[in-house]
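Visitor: quick one: sequence plus predicted model below, questions after.
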Amino acid sequence: MAEKPSADLGEPPSQIDPWSVKAATDEQGNALAFDCEAISQKWNTKLIDKGLLECFERVTGHRPHRWLRRGLFFSHRDFNLILDYYEQGKGFFLYTGRGPSAGTRYLLKWLQDVFDVPLVVMLTDNEKALFRDNLTFEEVMEYSRENAKDIIALGFDVKKTFIYSDLKFVGNGGGHFSLNAWEFSKIVNFDQVRGAFGFDNSTKTGRIFFPNLQCVAAFATSYPFIWGDDPLSDFRPAKTAAIPCLIPCAIDQDPYFRRATTRYACASHKNKINMRTFSGGQETLELHRELGGNPDVDVAYQYLTVKSFQEARAKVTDEITQAFIRSHKLEWAGNPTPLNARSRNRNPKPLLTAREQKGRRARASGPLSGQRRRGRRGRARRHPRRRSD
């Protein structure tokens with residue numbers, strides 16, 4: 001049974017889960033628009049409002065992306081905390097997946113450029129093989145390699161970006177990733193994932209375990225080599241575990257990271273912070289398989305069809321791809337002027353308007369200015385009179 005917005009929010013029943021997004025229908029069977037505000041209330045998220053966008057611009061010095069201003073990304077969970085972290089000069093990283101959340105990749109390049117932070121991209125080839133019976137594991141690994149080239153062609157910096165195939169990384173060099181997945185599976189019971197993902201007694205066990213992998217992909221300790229930690233160590237540093245993650249994703253991916261936020265805080269991992277949007281998928285998984293996405297509303301498709309992208313894609317060789325998908329330490333700068341550094345400045349320059357500066361100069365050179373200064377100095381030198389005996 002999938003998550004459904006409740007009737008008391010004024011929205012007819014709709015179905016949203018990682019594999020099926022189905023709008024409510026009216027009495028004539030026509031699909032109704034999703035009520036973003038009702039969905040946000042139901043899933044305990046917050047709308048991306050004017051105040052948050054103003055905070056974003058103040059902290060980063062960048063005007064919010066047009067897709068944020070126009071509401072294509074409409075909801076978030078704790079994005080304000082990421083802005084607080086960034087303002088204080090603390091680190092975080094970006095994460096997304098090529099698969100269910102493919103409709104959000106287009107914003108990642110802009111976010112990485114603004115924040116100057118590491119990016120991790122999970123190629124969910126295992127999910128494709130598990131949920132599409134007509135595909136073999138060998139086929140989906142080839143697809144994931146081509147998907148990696150699509151992502152690289154967007155202009156990501158290999159020094160700040162790690163792209164990996166689930167099937168190749170988790171079982172080969174992803175020891176801490178596997179450890180996180182097993183630990184996560186130990187504290188989440190079947191009733192919880194059944195309600196969130198629509199599983200039943202006929203669901204194959206591979207599909208049931210997969211959400212554990214998707215959730216821990218947002219844990220910094222799953223990638224020890226990025227932070228300079230020892231991937232062969234039996235222990236995951238608490239300092240790395242405290243690094244938060246910003247996850248731009250489609251609304252249908254929320255069950256993964258809502259589960260990660262609420263169930264793994266006890267394991268000393270910070271809350272995962274999400275931004276949500278709608279992609280150009282069909283109303284149901286069956287229709288999406290039959291008809292494909294809707295390019296008229298899928299902004300990612302519009303972005304990828306630009307001629308310049310096609311030219312960039314043709315230049316991505318196997319050697320370039322290998323540089324992105326091998327395990328490697330990343331390099332980034334983060335906030336160049338964090339709040340604590342600005343507060344330590346001994347000679348801060350106040351930001352005054354021309355009128356304020358003119359008024360300050362006039363007061364300093366006015367006819368009473370010298371008298372005021374002399375008066376203050378005179379009073380400072382006065383001493384109480386001594387009593388004569």
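Guide: Received, thanks.
Visitor: going along the chain, name the strands of this structure.
Guide: Assigned by DSSP state E, the strands in the chain fall at 15-17, 20-22, 46-47, 73-77, 93-98, 119-123, 161-165, 245-250, 272-277.
Visitor: give me the contact list for stretch 308-320.
Guide: For stretch 308-320, the surrounding residues in contact (CB atoms under 8 Å, 6 or more residues apart in numbering) are 149, 150, 152, 153, 154, 155, 158, 303. Every residue, glycine included, has its C-beta placed from N, CA and C.
Visitor: how about these, which pair is most distant?
Guide: 158 and 303 (20.7 Å; CB to CB).
Visitor: give me the more crowded residue out of these two.
Guide: Neighbours were tallied for residue 158 and for residue 303 using other CB atoms under 10 Å; the higher tally belongs to residue 158 (17 against 14).
Visitor: got phi/psi on that one?
Guide: With angles defined as degrees, to the nearest 10, residue 158 sits at phi -60, psi -30.
Visitor: thinking it is in contact with residue 324, fair?
Guide: Yes: judged on CB atoms under 8 Å, residue 158 makes contact with residue 324 at a distance of 5.4 Å.
Visitor: count of neighbours near residue 148?
Guide: When counting by other CB under 10 Å, one arrives at 22 neighbours for residue 148.
Visitor: how many other residues sit next to residue 134?
Guide: 7.
Visitor: per-residue pLDDT, it?
Guide: pLDDT, residue 134: 93.
Visitor: try residue 31
Guide: At residue 31, pLDDT is 73.
Visitor: what is the neighbour count of it?
Guide: Neighbour count for residue 31, taken as other CB under 10 Å: 12.
Visitor: and the helices in the stretch 101-250 of the chain?
Guide: 105-115, 125-131, 137-152, 166-169, 175-187, 190-197, 205-216, 224-227, 238-241 (DSSP state H, counting those that start in this stretch).
Visitor: indicate which one of those helices is closest to residue 97.
Guide: helix 205-216 (7.1 Å).
Visitor: I would like the residues contacting the closest one, please.
Guide: By CB under 8 Å, 6+ apart, helix 205-216 touches 97, 122, 124, 126-127, 130-131, 166, 170, 177, 180-182, 184-185, 188, 190, 193, 196-197, 199, 222, 255-257, 259-260, 264.
Visitor: taking helix 175-187 as reference, get the angle to that helix.
Guide: 110 degrees (axes from the mean of the first three to the mean of the last three CA atoms, to 10 degrees).
Visitor: spatially nearest residue to residue 154 (excluding sequence neighbours)?
Guide: Distance criterion CB to CB, 6 or more residues apart in numbering; nearest residue to residue 154, sequence neighbours excluded, is residue 109 at 5.2 Å.
Visitor: look up the closest residue to residue 57, ignoring the ones flanking it.
Guide: residue 63 (5.7 Å).
Visitor: ok, the one you found - how many residues close by?
Guide: Residues near residue 63, counting by other CB under 10 Å, number 12.
Visitor: mind checking pLDDT for it?
Guide: At residue 63, pLDDT is 94.
Visitor: how much space between it and residue 187?
Guide: 41 Å (CB to CB, to the nearest Å).
Visitor: and what of residue 72?
Guide: 34 Å.
Visitor: repeat for residue 97
Guide: The gap separating residue 97 from residue 187 is 22 Å, by CB to CB.
Visitor: between these two, which one's more packed in?
Guide: Using other CB under 10 Å as the criterion, residue 97 and residue 187 rank with residue 97 on top: 23 against 11.
Visitor: how about the nearest residue to the more buried one, chain neighbours excluded?
Guide: The nearest residue in space to residue 97 (CB to CB, 6+ apart) is residue 122, at 4.2 Å.
Visitor: does the one you found have beta-bridge partners, and which?
Guide: Beta bridges link residue 122 to residue 97, residue 164 when assigned by DSSP bridges.
Visitor: ok, it to residue 245 distance?
Guide: Residue 122 is 12 Å from residue 245, by CB to CB.
Visitor: what's the overlap in contacts for the two?
Guide: With CB under 8 Å, 6+ apart as the test, residue 122 and residue 245 both reach residue 95.
Visitor: count of neighbours near the residue lying closest to residue 152 once chain neighbours are set aside?
Guide: Leaving aside its chain neighbours, residue 152 sits nearest to residue 316 (4.9 Å; criterion: CB to CB, 6+ apart). Residue 316 sits with 17 neighbouring residues when counted by other CB under 10 Å.
Visitor: then residue 239?
Guide: 11.
Visitor: for residue 110, see how far away it is.
Guide: Separation of residue 239 from residue 110 (CB to CB): 28 Å.
Visitor: please apply the same query to residue 125.
Guide: 26 Å.
Visitor: quick revisit: which of the helices of the stretch 101-250 of the chain has the lowest average pLDDT?
Guide: Note on these: lowest mean pLDDT is at helix 190-197, with a mean of 82.
Visitor: by contact count, what packs against it?
Guide: Contact here means 3 or more CB pairs under 8 Å, 6 or more residues apart in numbering; DSSP states H and E; on that basis helix 190-197 packs against helix 205-216, helix 254-263.
Visitor: which positions in it come out as buried?
Guide: Within helix 190-197, the residues that count as buried by 16 or more other CB atoms under 10 Å are 193, 196, 197.
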